[in-house]
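Okay, here's the prediction I keep looking at, along with the sequence it came from:
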Amino acid sequence: VITAMSGVKEQADAQGEKVRKMKEAIKADPASHTKEELAKEVDELKRLKAELANEAPADIPPEIKEKYDLVRSVGEECIADAELLNLITKKPDSFVLYDGFEPSGRMHIAQGVFKAMNVNKCTRAGGTFIFWVADWFALMNDKMGGDLEKIKVVGEYLVEVWKATGMDMEKVKFVWSSDDIISKAVAYWTQALDIGRKTTLARVKKCCQIMGRLENKLTAAQILYPLMQCTDIFFLKADVCQLGVDQRKVNMLAREYCDTAGIKNKPIILSHHMLYGLKKGQEKMSKSDPDSAIFMEDTEEDVARKINNAYCPTTAEEAQDKPKDGVEAIDAGLESMHLTQDDLKNPCLDYVDNIIFSVPDQTFEAGGTPYKSFAAVKTDFLAGKLGEAALKEGLINAINKLLQPVRDHFATNDKAKAVLAQVMAWKRENLVPPSGLKRLVATDGSKPVHVVFAPAATAELTLGQLLTVQAQLNAATDDQEVVLWCADWGSFALNRCGGDQKVVASCYTQLVEALKALSPKLMERVKVMLQSEELLKNPSSYWISVINIGRKYPLQKVLAADNTEEGSEYAGQVIASLMHVADCLALNPATICCDPSGEGHAKLCCDYYAEAEITELKVPTVLTLNAIDTMLKPPHMLEGPANADDNIFCQDASMDVSRKMKRAFCEPSNVTHCPPLVLCDAAVLQQGETLTISRKEENGGDKTYTAIAELRSDFESGALHPGDLKPAVTKALDAFMQRIRDHVKGNDAAKKAETDIKNYLKKAAKDKKKK
């Protein structure tokens with residue numbers, strides 16, 4: 001490790017010199033290197049410096065080296081060795097390791113004996129081992145009839161198995177996910193959303209090995225699972241991820257997230273060996289195939305039958321043909337889960353090596369010979385000195401010897417006996433999960449609901465967006481409850497406002513207060529609902545509904561609803577879309593009112609009723625209204641970088657409105673695209689106001705308009721000139737927006753929101769300039 005770090009220091013010094021020379025060259029000749037070339041070399045220098053930050057000490061005390069060696073022996077791979085040594089040096093008796101398990105089924109021997117021995121090594125070295133008991137995930141999967149209390153009892157049963165196996169519980173903690181995911185929902189789920197907004201979809205797809213799925217056949221829910229597992233690491237404040245090699249990709253995702261999130265101390269990955277399945281070609285054991293592994297509750301007869309039938313070659317067979325070019329890629333779940341080269345792939349030898357010899361000071365007796373090491377067993381077996389029958393007989397005896405304390409514990413310990421009896425009784429009952437739709441209930445159903453989903457949070461709310469929401473709310477019938485749903489966590493997942501949740505909240509405050517300023521009577525009947533506040537009333541049901549929606553929908557269908565350019569997607573976009581459907585279920589609306597850009601998500605909501613065969617709720621009707629476009633230029637003039645003067649924003653002052661309207665496109669007689677006409681219709685005439693044109697008698701004299709049809713007709717015929725239209729619309733529009741300004745001045749919440757947004761925009765502009 002020390003030698004390796006010495007090499008890294010030399011690399012860092014050389015890289016620093018390279019960057020220095022590049023900067024000098026650019027100063028002398030700006031064309032000598034591009035900004036991209038310099039940025040690439042600077043990033044490499046940062047990487048090397050980060051690696052050096054975790055440099056191991058030059059002189060390692062013997063007691064530290066002993067601790068390090070003990071912990072390191074647990075893993076088939078460690079990322080990174082220097083970081084592990086540095087961690088143990090700095091926190092010799094307080095470093096934290098974690099693994100997780102779902103208390104939903106049987107415990108196989110690797111999870112029982114192998115895990116117990118590994119945990120003991122880690123705690124003996126000074127670490128604290130945290131088990132994340134994924135009982136909430138078992139609940140989500142309807143295990144034990146969807147009864148959380150029964151699932152917890154199954155978890156207690158598994159803990160009793162570990163006790164009997166010899167796991168030292170003094171420095172082991174069991175954290176129940178259902179307790180923390182519900183009681184600490186804000187911390188957990190905002191962490192998950194943060195990882196999602198900073199991680200590309202392509203990167204998350206690489207984690208599909210933990211689910212054993214083809215990348216191109218993923219459901220939307222399978223994008224959530226790696227993000228949640230990644231969240232567990234940070235939520236538990238784990239220093240070391242001590243999981244199997246099959247979890248390596250998602251653990252690497254956690255390290256990569258640290259780079260984007262600016263987290264200095266990355267979780268160390270200590271991946272243990274994955275035991276082969278007992279049948280030929282099984283890269284790992286399977287709980288769904290009872291004969292692929294030895295389970296902790298197996299009888300002596302079970303053990304003998306399984307081992308005697310196990311695949312046990314003495315020579316390597318030819319590898320299975322790999323798919324040819326153009327043939328569908330191999331299922332990621334079937335990729336090799338072993339980091340060391342092993343052409344033999346003999347599960348019996350694997351058991352001897354990783355189960356029998358995982359126990360300290362173990363002797364394995366086979367064919368009348370006592371073996372002290374696995375190497376000696378393998379050598380004799382391959383040489384023919386130890387036959388298959390003798391090897392298997394010795395293995396059967398050794399396994400039964402390891403399992404007997406577990407059998408005895410459940411036969412003699414009153415608590416363990418009671419827990420096992422209860423679990424077995426429930427299994428015989430063939431428990432059925434409760435029927436019905438799992439969802440958050442956000443409305444009482446006393447009135448039909450008309451819902452408008454507010455646009456994703458934006459610090460630059462256009463007048464068009466504001467007027468569109470106003471029109472959508474006005475579309476409700478008199479007998480309906482009107483809801484304006486503000487998806488603040490969905491906006492966070494979409495990385496709106498740079499992921500600043502305070503600014504996101506201010507954006508929705510700005511929208512709501514502007515609506516109150518323009519339509520106070522309308523807003524008296526509108527119920528504004530903030531997504532985060534509503535879902536936190538029952539976070540468990542809400543997130544179960546999100547995941548269930550994701551299970552029903554192929555990933556591609558969810559992406560299609562978002563209209564995102566392929567290859568630019570982030571995982572957060574998938575989460576936000578699934579949350580949108582869950583929001584719809586929570587509201588149980590009679591009508592969803594949206595503009596054409598929202599039709600994809602509205603259809604996603606409505607289609608789910610059929611996909612999930614929902615009978616207790618009625619499919620909502622989708623009412624589509626055209627969005628009000630307040631863009632001040634026609635589409636063909638919008639090429640190039642965006643310009644703040646191309647639109648009217650809700651925060652615009654009078655001078656901004658005046659300046660922008662003077663520059664607004666307004667071609668004589670062109671009513672196909674005439675921004676002043678659109679603005680006049682939406683912000684003046686449809687608000688119940690009139691437009692008065694002031695002009696000399698020879699130019700037609702003063703005229704007052706009350707309807708857009710007559711105004712459009714006069715403009716198209718040439719009776720109304722742009723030079724007369726634009727000043728009149730500017731004056732009326734500014735008077736309309738003055739209502740918003742006056743409201744902000746007299747409302748503390750609106751004033752604070754405006755300040756937060758302006759500060760954010762200034763900072764964003766400054767950061768952009770730096771780049």
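Arrived safely, thanks for sending.

use CA for all of it now, contacts and neighbours both
Fine.

Make sure residue 99 is indeed in a helix.
No: applying DSSP: H, G, I helix; E, B strand; the rest coil, one finds residue 99 to be strand, outside a helix.

show me the contacts for it.
129, 130, 131, 132, 241, 242, 243 (Cα atoms under 8 Å, 6 or more residues apart in numbering).

per-residue pLDDT, it?
Looking at residue 99, its pLDDT reads 95.

now it: how far from residue 240?
Relative to residue 240, residue 99 is positioned 9 Å away (Cα to Cα, to the nearest Å).

same deal with residue 739?
57 Å.

next one: residue 552
34 Å.

ok, now residue 705?
On the measure of Cα to Cα, residue 705 and residue 240 end up 72 Å apart.

rewinding a little: quick one: which of residue 739 and residue 240 has more around it?
Between residue 739 and residue 240, counting by other Cα atoms under 10 Å, residue 240 is the more crowded of the two (25 against 14).

isn't that one right up against residue 97?
Yes: using Cα atoms under 8 Å, residue 240 is in contact with residue 97, at 4.5 Å.

tell me what the host helix or strand of residue 422 is packed against?
For residue 422, the element it lies in under DSSP states H and E is helix 414-429. Judged by 3 or more Cα pairs under 8 Å, 6 or more residues apart in numbering; DSSP states H and E, the packing partners of helix 414-429 are helix 148-165, helix 388-412.

Mean neighbour count, those: which tops it?
Counting by mean count of other Cα atoms under 10 Å, helix 148-165 has the highest mean neighbour count of the helices and strands packed on helix 414-429, with a mean of 21.

following that one, which helix or strand shows up next?
Counting by DSSP H and E, what follows helix 148-165 is strand 172-176.

If we go by neighbour counts, what in that following strand is buried?
Within strand 172-176, the residues that count as buried by 16 or more other Cα atoms under 10 Å are 172, 174, 175, 176.

Out of those residues, which is nearest to residue 540?
Nearest to residue 540 among the buried residues of strand 172-176, counting by Cα to Cα, is residue 176 at 13.8 Å.

Tell me who's in contact with the closest one.
Per Cα under 8 Å, 6+ apart, neighbours of residue 176: 132, 133, 134, 135.

State the distance from it to residue 309.
Taking Cα to Cα, one finds residue 176 at 38 Å from residue 309.

circling back to that earlier point, given the helix or strand just after the helix holding residue 422, what are its sheet partners and their directions?
Going down the chain from helix 414-429, the next helix or strand is strand 449-453, by DSSP H and E. If you go by DSSP bridges, strand 449-453 pairs up with strand 481-486 (parallel), strand 591-594 (parallel).

Give the next helix or strand downstream of strand 449-453.
Past strand 449-453, the next helix or strand by DSSP H and E is helix 463-474.

quick check: angle from that next one to strand 449-453?
170 degrees (axes from the mean of the first three to the mean of the last three Cα atoms, to 10 degrees).

List the contacts of helix 463-474.
Under Cα under 8 Å, 6+ apart, the answer for helix 463-474 is 451-452, 454-455, 482, 484, 511, 514-515, 519, 522, 526, 593-595, 625-631, 648-650, 682-683.

again with stretch 105-123
70-71, 74, 128-129, 154, 158, 161-162, 165-168, 171-172, 275, 287, 293-297, 354-355, 358-359, 402.

so where's the stretch 651-771 of the chain shaky on pLDDT?
Across the stretch 651-771 of the chain, the ranges flagged by pLDDT under 70 are 771.

What about the contacts of helix 463-474, which are in strands?
451, 452, 482, 484, 526, 593, 594 (DSSP state E).

Can I get these in a markdown table including pLDDT and neighbour count?
Shown next, in a markdown table, are the ones in strands among the contacts of helix 463-474 (pLDDT from 0 to 100; neighbours: other Cα atoms under 10 Å):
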| residue | pLDDT | neighbour count |
| --- | --- | --- |
| 451 | 98 | 28 |
| 452 | 98 | 25 |
| 482 | 98 | 27 |
| 484 | 98 | 20 |
| 526 | 98 | 18 |
| 593 | 98 | 25 |
| 594 | 97 | 26 |
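
and of those residues, the nearest to residue 764?
Closest to residue 764, out of all of the ones in strands among the contacts of helix 463-474 and judged by Cα to Cα, is residue 484, at 28.3 Å.

That closest one pairs with what?
Applying DSSP bridges, one finds that residue 484 bridges with residue 452, residue 528.

Would you mind confirming that it is in contact with residue 528?
Yes: Residue 484 lies in contact with residue 528 (Cα under 8 Å); the separation is 4.8 Å.

thinking again about what came up before, so can I have JSON lines of the strands paired with strand 449-453 showing distance to residue 314?
Formatted as JSON lines, the strands paired with strand 449-453 follow (distance: least, Cα to Cα, whole Å):
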{"stretch": "strand 481-486", "distance to residue 314": "65"}
{"stretch": "strand 591-594", "distance to residue 314": "66"}
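
gap between whichever helix in the chain runs longest and the chain center?
Secondary structure of the chain per DSSP state H: the longest helix is helix 2-28. How far helix 2-28 lies from its chain's middle: 36 Å, per Cα atoms, centre = their mean, to the nearest Å.
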